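K.L.:
For reference, the sequence and a predicted model appear below.
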Number of protein chains: 2
Amino acid sequence: MAQPLQDPAPAAAVMYSSIIEELGRSIVGGELGPGERLTIEELQNRFGVSRTVIRDCMRILESMNLVFSKRRVGIVVQSPGHWNVYDARIIRWRLEGTSRARQFRSLTELRCAVEPLAAAGAARHATEEQRAAALRLAGQLRALGEAGRLEEFLAVDIEFHALLLSASGNEMFSALDDVVTEVLRGRTNQGLMPRTPREHALASHEAVAAAIARADPHSAEAAMRDLLAEVREAIT
Amino acid sequence: MAQPLQDPAPAAAVMYSSIIEELGRSIVGGELGPGERLTIEELQNRFGVSRTVIRDCMRILESMNLVFSKRRVGIVVQSPGHWNVYDARIIRWRLEGTSRARQFRSLTELRCAVEPLAAAGAARHATEEQRAAALRLAGQLRALGEAGRLEEFLAVDIEFHALLLSASGNEMFSALDDVVTEVLRGRTNQGLMPRTPREHALASHEAVAAAIARADPHSAEAAMRDLLAEVREAIT
DNA sequence: GGTCCATGAAAGATACCACCTTTGAAATGC
DNA sequence: GCATTTCAAAGGTGGTATCTTTCATGGACC
């Protein structure tokens, strides 16, 4: 049974994923502009794969509204206005490319819009466990923040916000947890965060958690708005 | 060449779209529960099409995270938590099915979250034409509202809100115009709207438009929040 | 006899190929 | 300038090959 091939890299996990990545990035990055045409045959040659694989890729790109295909014409790149900008892959590609700053700003603004209502929702709908968890996480945030342990602080912060979104009782909100995670992570990595979290931030996290714990939607919403105030100022 | 076949084409515009519709609806509607398995062969027989078509469909459903496929296992239905709930088709299917009420509530809440910030954004970024259009539409709303012409009122209302979203300068917001349209239309059709729009609604539309016209983000946001207040009360 | 791991077989997705059909843009003809 | 023809490219079919995962079988060891 000697496993001669220990090769841990099945690499070609799925053939098309790498093609999707490359084409998606080119479109989102703007190297392939709206109206530009591709053909299946051309892509076959370019990537050295069969028609089937290219077709699969086109179906996927089509369902993200990055392209559409017409007979006799080929595959046409769509203009940005048509893209499914909530698709996780498109969000990722935009954050990787030259439009990072703009995308980051959009996501931050979206977060600022959604989180206050998510907090109110959590105050209404959270389970007992979730309310307890919110208090616990807010406590950890203070401890880690005052100790200046930034990385752990970030991890708990992400957990805290994800908890609120999922407790909000609104699946459209919980689906945004990746967005919020990305924004929080980006803020820390870009050095937009103070060396040690401000007292104000710690206090408002605690206020949000407390309001959720005592099922007080109005206070939860207000506290979250307060928490986000400085974030909003930074982007406007 | 005599076209013997005038056949008005059995609608099957594109083959797979109807299959996607049917399967998507079953999954979203819950007839196909999470973990349930399908195979390509079985679907081939069921719909009487070739493997290629089924594969194309699976690629699309997969990219919406409604299913995932594994070798030797088949195609497995994903649990609702994984779905791309911002995909226009999924939103539509959910609104058609038994989960309509819940989905409607979620979308309304999302709208309430986003529109105030969109209004603020519009006050900052709108073009001169857009500012003028906002004022004009608000004026039309008053006229139509006072005249009790509900259908035209709805159409202009939809146009007004779509304008704000697209003028907001945030593509994540503008991508939600379908959502807002759907919510507005639903409110009217479900008889949630008063016979003639309330004075308060007319006045706050005007206030939003005026704030945008004079590039006053804070007032625009506040006026929009005021406009949405009664909507929010209705869903909580 | 019961538990555990190796082995093999089978099921079903992934991938490639060759070929036919349909569509609609563009060239051509009147 | 309109109708007709042409034809390139996508849509669709079905066959074959490959690969991965599961599941059942069977032997070894406790």
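P.N.:
Noted; the coordinates are in hand.

K.L.:
Can you give me the distance of A:M64 to A:N84?
P.N.:
According to CB to CB, to the nearest Å, A:M64 stands 5 Å off from A:N84. C-beta here means a position set from N, CA and C on the backbone, and glycine is covered the same way.

K.L.:
which residues do these two both contact?
P.N.:
The contact sets of A:M64 and A:N84 overlap at A:I90 (CB atoms under 8 Å, 6 or more residues apart in numbering or on different chains).

K.L.:
between the two, which one's more packed in?
P.N.:
Comparing A:M64 with A:N84 by other CB atoms under 10 Å in any protein chain shown, the one with more neighbours is A:M64, at 24 against 20.

K.L.:
from memory that one sits against B:I60, does it?
P.N.:
No. Assessed by CB atoms under 8 Å, A:M64 is found out of contact with B:I60, at 10.0 Å.

K.L.:
Counting residues, name the longest helix you see in chain A.
P.N.:
Counting by DSSP state H, the longest helix found in chain A is helix A:100-125.

K.L.:
From the chain's centroid, how far away is it?
P.N.:
Remark: helix A:100-125 is offset 11 Å from the chain centroid, using CA atoms, centre = their mean, to the nearest Å.

K.L.:
Which elements pack onto it?
P.N.:
The contact analysis (3 or more CB pairs under 8 Å, 6 or more residues apart in numbering or on different chains; DSSP states H and E) places helix A:100-125 against helix A:88-96, helix A:150-167, helix A:171-174, helix A:177-189, helix A:199-213, helix A:217-235, helix B:100-125, helix B:171-174.

K.L.:
quick one, which of the ones you listed is nearest to B:I90?
P.N.:
Ranking these by proximity to B:I90 (CB to CB) places helix B:100-125 first, at 9.3 Å.

K.L.:
Could you pull up the mean pLDDT of that closest one?
P.N.:
What helix B:100-125 shows for mean pLDDT is 97.

K.L.:
elements contacting the next helix or strand after it?
P.N.:
Taking DSSP states H and E as the definition, the helix or strand that follows helix B:100-125 towards the C-terminus is helix B:128-147. Counting contacts by 3+ CB pairs under 8 Å, 6+ apart, helix B:128-147 is packed against helix B:150-167, helix B:199-213.

K.L.:
any chance of these in JSON lines, with distance to DNA strand C too?
P.N.:
Formatted as JSON lines, the helices and strands packed on helix B:128-147 follow (distance: least, CB to the nearest atom of the strand, whole Å):
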{"stretch": "helix B:150-167", "distance to DNA strand C": "28"}
{"stretch": "helix B:199-213", "distance to DNA strand C": "40"}
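
K.L.:
Export those as JSON lines, with columns for distance to A:A220.
P.N.:
Listed next are the helices and strands packed on helix B:128-147 as JSON lines, based on distance: least, CB to CB, whole Å:
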{"stretch": "helix B:150-167", "distance to A:A220": "26"}
{"stretch": "helix B:199-213", "distance to A:A220": "25"}
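
K.L.:
To chain A, which of those lies closest?
P.N.:
Nearest to chain A among these is helix B:150-167 (8.8 Å), distances taken as CB to the nearest CB.

K.L.:
what sits up against the closest one?
P.N.:
B:114-115, B:118-119, B:121-122, B:125-127, B:130, B:133-134, B:137-138, B:140-141, B:144-145, B:173-174, B:176-177, B:180-181, B:184-185, B:188, B:193, B:195-197, B:205, B:208-209, B:212, B:224.

K.L.:
how about 6 Å then?
P.N.:
Residues from elsewhere that reach helix B:150-167, judged by CB atoms under 6 Å, 6 or more residues apart in numbering or on different chains: B:118-119, B:122, B:126, B:130, B:133, B:137, B:140-141, B:144-145, B:173-174, B:177, B:180-181, B:184, B:188.

K.L.:
Domain ranges for chain A, per the record?
P.N.:
Taking automatic domain parsing as the criterion, chain A consists of the domains A:15-82, A:100-235.

K.L.:
tell me the most buried of those domains?
P.N.:
Of all the domains of chain A, domain A:100-235 has the most neighbours on average by mean count of other CB atoms under 10 Å in any protein chain shown, namely a mean of 19.

K.L.:
Ends of that domain, what's the gap?
P.N.:
End-to-end distance for domain A:100-235, by CA to CA, to the nearest Å: 14 Å.

K.L.:
ok now that domain, how far from the chain's centre?
P.N.:
Relative to its parent chain, domain A:100-235 has a centroid offset of 14 Å by CA atoms, centre = their mean.

K.L.:
Any residues of chain A in contact with DNA strand D? List them.
P.N.:
A:10, A:38-41, A:51-52, A:55, A:58, A:69-75 (CB under 7 Å from any atom of the strand).

K.L.:
Lowest-confidence entry in those residues?
P.N.:
Across the residues of chain A next to DNA strand D, the smallest pLDDT goes to A:P10, namely 34.

K.L.:
ok, for the spatially most central residue of chain A, nearest residue in space, not its chain neighbours?
P.N.:
The centroid of chain A falls nearest to A:V179 when counting by CA atoms, centre = their mean (2.6 Å). Excluding its sequence neighbours, the residue lying closest to A:V179 (CB to CB, 6 or more residues apart in numbering or on different chains) is A:L107, at 5.2 Å.

K.L.:
Would you check that the one you found makes contact with A:T181?
P.N.:
No. The pair A:L107 / A:T181 is not scored as a contact, 10.4 Å apart, by CB atoms under 6 Å.
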